[in-house]
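Asker: Structure for this input, please:
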Amino acid sequence: MRPEPLVRLTPGKRVLFLTKDPGLVRRQLAGELDLAMDDLRVEDLLDDINTDAMTPAWVCFDWDPREIAKNAYAGLIVDGERLIPANALAAGGFEVIVSGYRKGVGSSRETAAQCERYSGIRIAIAASFAPIHARNNINLGTLMGDHAMLARLQRGEAIPLEEFTRGHDAITRLVIEWGGLFPFSRAIAEGRVELPAPGAAARPMTMAEKILARHLVAPGGEERSVAPGDPVVVGVDGGYSHEFTTAQVHAFLAEEHGPGYRLSHPERFAVFEDHLIYADEVAAMRRYLPKIETLREMQRAFQRHTGVHDFSARDGVSPGICHEVAREQLVEPGDFIQATDSHTCMGGANNALTWGVGATEYAALVHSGFAMVEVPESIRFELVGRLAPNVTAKDLMLHILLEYAKPQATLNRVLEFTGPGVSTLSMDERATLANMATECSARSGIVAADEETFRWLAAWRPGCDLERMRARAVAPDPGAEYAGGVHEIDLSQLVPMVAHPGDPDHGIPSDPTNGARVAEIGEVAIDIAYAGSCTAGKIDDLVFYHRVTREALDAGLRVAPGVEFILQCGSEAVERFIREHGFYDDFLRAGARVIPPGCGACIGCGPGVSEQPDQVTVSAINRNYKGRSGPGRLWLASPLTVAASAFTGRITAYVPGMFARQPVPAGTPPGAGGAR
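Answerer: So this is what the prediction gives:
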């Protein structure tokens with residue numbers, strides 16, 4: 001049903017303000033207090049509410065949105081207790097929920113938007129929204145507005161629906177006006193909607209714009225230009241889902257199109273079993289194993305029904321993390337890829353445009369073969385120089401998070417990485433850059449192609465059509481416009497960084513005058529050093545871990561007493577590499593634990609998760625939101641820093657030769673993925 005043309009607050013319904021004062025939130029939930037926007041400042045409201053807080057991993061084990069809603073905001077913990085108890089959001093009679101800046105950062109999980117919508121929320125108010133979460137709200141029919149609009153509503157004003165659609169592209173306005181993606185899609189199928197055609201005049205384009213322009217559906221016989229803000233319908237080259245998300249996709253498609261639904265191009269899509277493969281090794285997750293098995297069964301049913309590519313576990317072993325396997329085997333230069341996970345953007349290392357979407361949007365695009373998107377703005381990082389031997393792409397991303405993402409220069413934009421410095425980075429390091437674009441609340445990340453790109457693709461895919469790939473690769477046009485600006489970063493000036501627990505944009509540079517010390521944080525003893533995830537489980541990451549481990553072994557050292565050093569490869573191919581090159585045995589001799597490929601600790605569902613609030617972890621994963629990887633405190637760092645810390649027992653920035661009795665060459669072991 002289409003929303004009314006005028007938006008009013010419903011008599012008897014309430015507004016929930018998520019304030020920085022938890023006492024005020026609890027009083028609202030108890031029915032003791034109702035607040036007004038006129039009495040508050042935006043600064044009084046919670047910022048950076050992430051999707052893990054809205055629906056932590058265990059909540060996502062329920063695929064039915066009505067069940068998910070019962071545990072809305074289960075991960076918002078204050079003083080060891082849930083700030084919003086089970087069923088409290090629905091029971092409170094709220095129809096509006098209010099927060100501060102950057103609502104919905106983090107994972108692309110649509111469950112975060114569902115938990116509000118199915119609790120009765122029809123309007124979300126914030127100063128800004130993370131792009132994927134905003135899109136999920138739009139697809140579900142949840143209206144989004146700002147604090148000034150809420151003040152007007154609370155004074156009794158009726159606001160035209162067009163004010164809620166203002167600033168969106170023409171197609172998104174139509175989706176909002178029809179009340180969500182599925183009602184809009186039905187209206188298209190019934191011929192009740194005429195889609196606008198892009199009308200941008202010929203212009204220089206960014207890499208993202210070029211890819212979208214090439215994928216326009218029925219462009220009128222010749223390639224057109226597109227510009228930021230243009231509403232476009234584009235063909236999708238491929239995509240994938242995993243066992244955390246496929247069940248909803250299957251259920252939504254059956255509900256919308258009937259149990260006999262079909263996909264237009266099943267050969268372009270895939271399913272992966274990777275995210276929950278080691279949940280049984282986490283004590284807190286074992287109670288949810290029956291629900292996890294239901295998710296697996298529904299994914300298998302979807303795969304059998306549709307015939308999409310099957311990357312399921314074999315004998316309990318995953319082929320690897322979807323993003324790593326996808327870049328190894330599926331994603332090509334110039335592709336436009338959509339998948340149900342925020343780190344889909346990792347495919348941008350292959351010179352492709354890739355980003356994550358929610359289950360509703362994915363269900364629509366796998367059924368039709370095309371997607372409706374707004375052309376995003378871009379921000380460009382021109383890399384020059386070369387990283388020091390103890391600095392990695394992870395340190396570069398923590399620098400960008402601190403200097404550009406924290407002030408929101410990257411919000412909802414595509415991060416483009418160009419310049420001569422790109423060619424000094426291996427393809428694995430470039431994948432780190434693209435992967436962590438989503439930590440910047442960006443739409444995606446894309447890296448310019450060079451000869452190393454094609455060498456790497458040829459090595460991974462013998463017999464591939466390299467000439468076709470070269471022809472499809474994109475580079476920015478001279479004169480292309482960047483709303484976020486063009487920023488030169490001298491790689492040689494970067495130092496190792498760590499990010500303080502709570503958010504990846506809380507970066508702290510190490511002090512190069514103090515050697516291995518990160519002076520500002522002092523001595524931080526650790527309990528866990530976790531080396532893995534899609535961000536840091538690639539071949540070159542394992543080379544980094546091994547460089548430090550080999551140096552420590554040569555010095556007669558083992559993993560520090562009381563520290564658990566866990567290594568996890570991103571794919572079966574990565575694990576084969578470390579076994580063939582002797583890394584595996586060295587890790588074991590040093591006292592580390594090596595576990596099979598897959599996700600795990602990064603989402604709280606595998607070895608490496610903290611079990612107590614006083615535990616401290618240093619980790620090479622991509623995000624460190626409170627509670628994401630257990631109740632303890634999690635510091636983000638590079639693979640080199642994580643490995644060095646495992647042997648010192650405290651957070652330690654790696655310095656070449658720091659453990660050696662005699663200085664050792666800093667050369668990369670054989671088989672590394674490219675130039676350094």
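
Asker: drop to CA atoms for contacts and neighbour counts, all remaining ones
Answerer: Fine.

Asker: what does the helix or strand hosting Ile446 contact?
Answerer: According to DSSP states H and E, Ile446 maps onto strand 444-447. The contact list for strand 444-447 (Cα atoms under 8 Å, 6 or more residues apart in numbering) reads 207-208, 345-355, 413-418, 422, 430, 433-438.

Asker: try stretch 498-506
Answerer: Outside stretch 498-506, the residues touching it (Cα under 8 Å, 6+ apart) are 395, 398, 401-402, 405-406, 439-440, 507-510, 622-626, 633-638.

Asker: what is the mean pLDDT for it?
Answerer: Mean pLDDT, stretch 498-506: 89.

Asker: What of stretch 602-614?
Answerer: Stretch 602-614 comes out at a mean pLDDT of 88.

Asker: So for it, first residue to last residue, what's the gap.
Answerer: Across stretch 602-614, the terminal residues are separated by 18 Å (Cα to Cα, to the nearest Å).

Asker: just how off-centre is it within its chain?
Answerer: Relative to the mean C-alpha coordinate of its chain, stretch 602-614 is positioned 19 Å out (Cα atoms, centre = their mean, to the nearest Å).

Asker: ok, for Arg443, nearest residue in space, not its chain neighbours?
Answerer: Leaving aside its sequence neighbours, Arg443 sits nearest to Asn412 (Cα to Cα, 6 or more residues apart in numbering; 4.8 Å).

Asker: count of residues packed around that neighbour?
Answerer: Residues within reach of Asn412, counting by other Cα atoms under 10 Å, total 23.

Asker: for the one 3 residues further on, same thing?
Answerer: Here the count is done by other Cα under 10 Å, and Leu415 has 30 residues near it.

Asker: Then Gln612?
Answerer: Gln612 has 11 nearby residues by other Cα under 10 Å.

Asker: Over to Val42?
Answerer: Residues lying near Val42 (other Cα under 10 Å) number 17.

Asker: Now do the domain split for the chain, please.
Answerer: 6-188, 208-216+230-374, 507-676 (automatic domain parsing).

Asker: Just give me how far stretch 440-456 sits from the chain centre.
Answerer: 16 Å.

Asker: List the buried residues of it.
Answerer: 440-449, 452-454, 456 (16 or more other Cα atoms under 10 Å).

Asker: quick check, nearest of those to Pro476?
Answerer: Closest approach between those and Pro476, by Cα to Cα: Ala448, at 8.3 Å.

Asker: In this model Arg470 seems to touch the closest one, though I could be wrong.
Answerer: No - the pair Ala448 / Arg470 is not scored as a contact, 11.9 Å apart, by Cα atoms under 8 Å.

Asker: All the helices of the stretch 351-500 of the chain, residue numbers only.
Answerer: Remark: helices assigned in the stretch 351-500 of the chain by DSSP state H, counting those that start in this stretch are 359-368, 393-400, 427-435, 451-460, 466-472.

Asker: Can you check which of these gets nearest to Lys538?
Answerer: When the helices of the stretch 351-500 of the chain are ranked by proximity to Lys538 (Cα to Cα), helix 427-435 comes first, at 6.3 Å.

Asker: Mind listing what's buried along that closest one?
Answerer: Met427, Asp428, Glu429, Arg430, Ala431, Thr432, Leu433, Ala434, Asn435.

Asker: now the end-to-end length of stretch 279-292.
Answerer: 9 Å.

Asker: List the contacts of it.
Answerer: With Cα under 8 Å, 6+ apart as the test, stretch 279-292 has contacts from Trp58, Phe61, Asp62, Leu276, Gly600, Gly604, Cys605, Gly606, Pro607, Val609.
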